[in-house]
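Asks: 3D model of this:
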Amino acid sequence: MSELITFSFSVFTGFFAIMNPIANIPVFIGLVDGANDDAKKRINRTATFTAFLIVLGFVIVGKFIFDIFGITIPAFKLTGGVLVFFVGFEMLQSKKSNVKNIAKIEVDEDIAISPLAIPMLAGPGTIVTAMNFVTGVDAIHITLVIMMAAIVCTLNWIAFRSSDFIVKKIGNNVIRVIGKIMGLIIAIVGTSMIIEGLKLAFPPLN
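Replies: A predicted model of the protein is given here:
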């Protein structure tokens, strides 16, 4: 039981850091600026639900993707770790990650799919993180990954729904600080994936 709790916490932390409910609030506010309350609610609901479906899809068919393209677990963990680390490093450098680079566009409810759901919430970093957690595990662990993804997507929905209130109360500076902390966590998750990949590729390292 303790192992499952530890695993669940690790998965939650990884998803929370990469999907970043708090630090994404300013982006959401900027994208929906000018939209009425009903439109904001629809955009929020569509974006978070779509992001969850994307993660769910990769969790379920991830193994088949491995088989089709002949991807080995060590190669995936090493490559994925580098990608996730790079996302976190960019956040620490106060840069917008390339996987979340969003241009100024007119208010349109299609933004719920892109760029909100893809790539802001369920971008490459999120997909890599999800597939890493379900690699070589049993059905119980896969179910826990899906549950943690659902929880974090729900937290994003709550954060977006309360975005105006949150920014008013804590301010943009605090949100930027939180973003840097999340960047550090993401970089650590990436480093852990690289270490795991090296151990699998070179057993003597164990």
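Asks: Could you use CA atoms for every contact and neighbour count after this?
Replies: Will do.
Asks: The residue nearest to residue 43 when sequence neighbours are not counted: neighbour count?
Replies: Spatial nearest neighbour of residue 43, excluding adjacent residues (Cα to Cα, 6 or more residues apart in numbering): residue 112 at 4.8 Å. Residue 112 has 24 neighbours, counted by other Cα atoms under 10 Å.
Asks: Please apply the same query to residue 204.
Replies: Residue 204: 8 surrounding residues under other Cα under 10 Å.
Asks: same deal with residue 183?
Replies: What residue 183 shows, counting by other Cα under 10 Å, is a neighbour count of 26.
Asks: which SSE is it in?
Replies: Using DSSP states H and E, the element containing residue 183 is helix 163-201.
Asks: other SSEs contacting that helix?
Replies: helix 2-19, helix 25-31, helix 73-92 (3 or more Cα pairs under 8 Å, 6 or more residues apart in numbering; DSSP states H and E).
Asks: What residues sit buried inside the shortest one?
Replies: Of the residues in helix 25-31, those with enough neighbours to count as buried (16 or more other Cα atoms under 10 Å) are 25, 26, 27, 28, 29, 31.
Asks: distance of the last one from residue 71?
Replies: Look at residue 31 and residue 71: by Cα to Cα, to the nearest Å, they are 37 Å apart.
Asks: Please apply the same query to the fourth one.
Replies: According to Cα to Cα, residue 28 and residue 71 sit 35 Å apart.
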